[in-house]
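Novice: show me how the following folds:
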Amino acid sequence: MERKAFGQNYFLNTRYPIIVYRVRTPEQANTSGPALDYSEKKHGHDFSELVIVTQGTGVHWVEGMEFNTVSGDVFLIQGMQQHYFKQRKDLVFFNIMFKPEVLPLPIDQFENIPGYHAIFYLEPAYRKKHHFNSHLHLDIAGLEMVSQIAWRMWSETKQRHPGMEAALLGDLIVLIVTLSRLYSASTQTPQSHALLRIANVIGKIEHAYSTNWTLDELALLAGMSKANLHKAFKETTGKSPIDYVIQVRLKHAKTLLSHSALSITEIAFQVGLNDSNYFTRLFKQAFGMTPSTYRKQLKQP
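Specialist: The predicted structure follows:
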């Protein structure tokens, strides 16, 4: 039977949807996990779930595939992906539940770290193809570093002191940066190395979106053929590399329209689209309105 876990049953504050549990196997007298513990029941949820395994082994079923899980493994379950632990042997893990689309996270800063794209976007998309071999596996030192942050978050969740939400948000940011950096420094498997090459290209695009990128330059940066890079981008982002560049430029253009007094032409040039008419056409295709209409709507009460 498939179940759905809803954030309203877990989060203490829907404006700051973060909560942390330390989950253990039933025979270990589990008193620290959530009241609705679906660990061994097939389920999905309307939030993201970051799993940090600190002890034991298990078999994790995700969307029809089974993966062996051991201490040091870190992986993300996105949204309504069906999953559960088919087997658990002395398994202990931190379960960090959060809604990234609601939280005021500095995504633009995360995107400068190649490992961020690898963990939070690429690895979930490639999990089946790579048979879980591109996930992050921490060594003893890395696991100790990450566990300290998770312990602190779990303690905040249990104690529920005033300011808990702010403390959890701060630690979640530190945790995401730490995991992203650890993945960036990791080339444990050919699969993780391949993801890092793609993630590095995405990170470069996010950081230097106004650059006049060509497919040849992006392929050289990735160390891949143009055909393979095109295929990889389609699989992970749904767009070609050049279309992805345009998407990032338009995203930053929306920010400038919202938070600057620059003219439409100035914004077009600043994001690397050196023709304001072309910029307007692309913006309307993407968002259903012209940049000037979008700006006017922002000013309406």
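
Novice: just the strands in this protein please.
Specialist: Residue ranges of the strands in the chain, as given by DSSP state E, are 3-5, 18-24, 43-45, 48-62, 65-70, 73-77, 83-98, 136-137.

Novice: bridged to the residue lying closest to residue 157 once chain neighbours are set aside, which residues?
Specialist: The spatially closest residue to residue 157, leaving aside those adjacent along the chain, is residue 20, at 4.8 Å (Cβ to Cβ, 6 or more residues apart in numbering). From N, CA and C alone the C-beta is placed, and that goes for glycine too. Residue 20 forms beta bridges with residue 96, as assigned by DSSP bridges.

Novice: what bridges to the closest residue to residue 68 other than its chain neighbours?
Specialist: Spatially, and ignoring its direct neighbours in sequence, residue 68 is nearest to residue 59 (6.1 Å; Cβ to Cβ, 6+ apart). Note on residue 59: beta-bridge partners residue 68, residue 87, judged by DSSP bridges.

Novice: what score does residue 59 have for pLDDT?
Specialist: Note on residue 59: pLDDT of 94.

Novice: over to residue 135?
Specialist: pLDDT, residue 135: 87.

Novice: do the one 10 residues further on as well
Specialist: We note a pLDDT of 97 for residue 145 in this prediction.

Novice: my read: it touches residue 175, true?
Specialist: No - counting by Cβ atoms under 8 Å, residue 145 does not reach residue 175; the two are 10.0 Å apart.

Novice: this structure: helices as residue ranges?
Specialist: Using DSSP state H, the helices of the chain run over residues 107-110, 114-117, 123-130, 140-159, 164-184, 190-207, 215-222, 226-237, 241-259, 264-270, 276-287, 291-299.

Novice: single out the most deeply packed of the ones you listed.
Specialist: Highest mean neighbour count among these (mean count of other Cβ atoms under 10 Å): helix 114-117, with a mean of 26.

Novice: so how far is it off the chain centroid?
Specialist: 8 Å (Cα atoms, centre = their mean, to the nearest Å).

Novice: likewise for stretch 44-59?
Specialist: 15 Å.

Novice: buried stuff in it?
Specialist: Within stretch 44-59, the residues scored as buried using 16 or more other Cβ atoms under 10 Å are 44-45, 47-56, 58.

Novice: before we move on, back to that, got the contact list for the residue nearest to residue 68?
Specialist: 66-69, 85-87 (Cβ atoms under 8 Å, 6 or more residues apart in numbering).

Novice: how much space between the residue nearest to residue 223 when sequence neighbours are not counted and residue 128?
Specialist: Distances taken as Cβ to Cβ, 6+ apart put residue 197 closest to residue 223, at 5.7 Å, once the chain neighbours are dropped. According to Cβ to Cβ, to the nearest Å, residue 197 and residue 128 sit 19 Å apart.

Novice: for residue 158, same thing?
Specialist: Distance, residue 158 to residue 128, using Cβ to Cβ: 36 Å.

Novice: same question, residue 297
Specialist: Noted for residue 297: a distance of 41 Å to residue 128, by Cβ to Cβ.

Novice: likewise for residue 65?
Specialist: Separation of residue 65 from residue 128 (Cβ to Cβ): 6 Å.

Novice: same question, residue 198
Specialist: 16 Å.

Novice: elements contacting the helix or strand of the chain with the lowest mean pLDDT?
Specialist: The weakest-scoring helix or strand in the chain, judged by mean pLDDT, DSSP states H and E, is strand 3-5 (a mean of 72). Counting contacts by 3 or more Cβ pairs under 8 Å, 6 or more residues apart in numbering; DSSP states H and E, strand 3-5 packs against strand 43-45.

Novice: any chance of the strands of the chain in JSON lines, with distance to residue 114 too?
Specialist: Shown next, in JSON lines, are the strands of the chain (distance: least, Cβ to Cβ, whole Å):
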{"stretch": "strand 3-5", "distance to residue 114": "31"}
{"stretch": "strand 18-24", "distance to residue 114": "25"}
{"stretch": "strand 43-45", "distance to residue 114": "28"}
{"stretch": "strand 48-62", "distance to residue 114": "18"}
{"stretch": "strand 65-70", "distance to residue 114": "23"}
{"stretch": "strand 73-77", "distance to residue 114": "16"}
{"stretch": "strand 83-98", "distance to residue 114": "22"}
{"stretch": "strand 136-137", "distance to residue 114": "13"}
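
Novice: alright, calling it a day.
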